[in-house]
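A.B. asks: what follows is a protein structure lacking sequence information:
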């Protein structure tokens with residue numbers, strides 16, 4: 001472990017009181033995680049709607 005890595009680790013522990021990565025994320029990192037989750041949810045919803053459209057089109061024939 002390099003001294004700079006150790007210093008960063010100690011600073012984070014003092015700031016948040018935790019050594020866990022999830023507790024030491026920046027606001028931007030947390031926002032990115034949330035946006036990726038939301039994007040995945042929206043993609044799943046879109047896939048469901050596409051499948052529903054195919055089913056409805058079959059019933060209409």
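C.D. replies: Cool, got the structure. A quick note: this is a predicted structure, and the numbers were derived from the prediction, not measured. Residues are numbered from 1 along each chain as shown.
A.B. asks: residue 5: which element?
C.D. replies: helix 3-16 (DSSP states H and E).
A.B. asks: past that helix, which element shows up next along the chain?
C.D. replies: helix 27-60.
A.B. asks: buried residues, the least confident helix or strand in the chain by mean pLDDT. List them.
C.D. replies: The weakest-scoring helix or strand in the chain, judged by mean pLDDT, DSSP states H and E, is helix 3-16 (a mean of 80). Neighbour counts over helix 3-16 (16 or more other CB atoms under 10 Å) mark residue 12 as buried. Just so you know, the C-beta spots here come from the backbone N, C-alpha and C atoms, and that holds for glycine as well.
A.B. asks: so, low pLDDT: which residues of the protein?
C.D. replies: Judged by pLDDT under 70, the chain has its weakly predicted residues at 19-20, 61.
A.B. asks: quick one, phi psi at residue 2?
C.D. replies: phi -80, psi 150 (degrees, to the nearest 10).
A.B. asks: tell me how far it lies from residue 37.
C.D. replies: Remark: distance between residue 2 and residue 37 (CB to CB, to the nearest Å) = 33 Å.
A.B. asks: more crowded one of those two?
C.D. replies: Each of residue 2 and residue 37 has its neighbours counted (other CB atoms under 10 Å); residue 37 has more, 10 against 7.
A.B. asks: residues in contact with that one?
C.D. replies: Applying CB atoms under 8 Å, 6 or more residues apart in numbering, we find residue 37 in contact with no residue.
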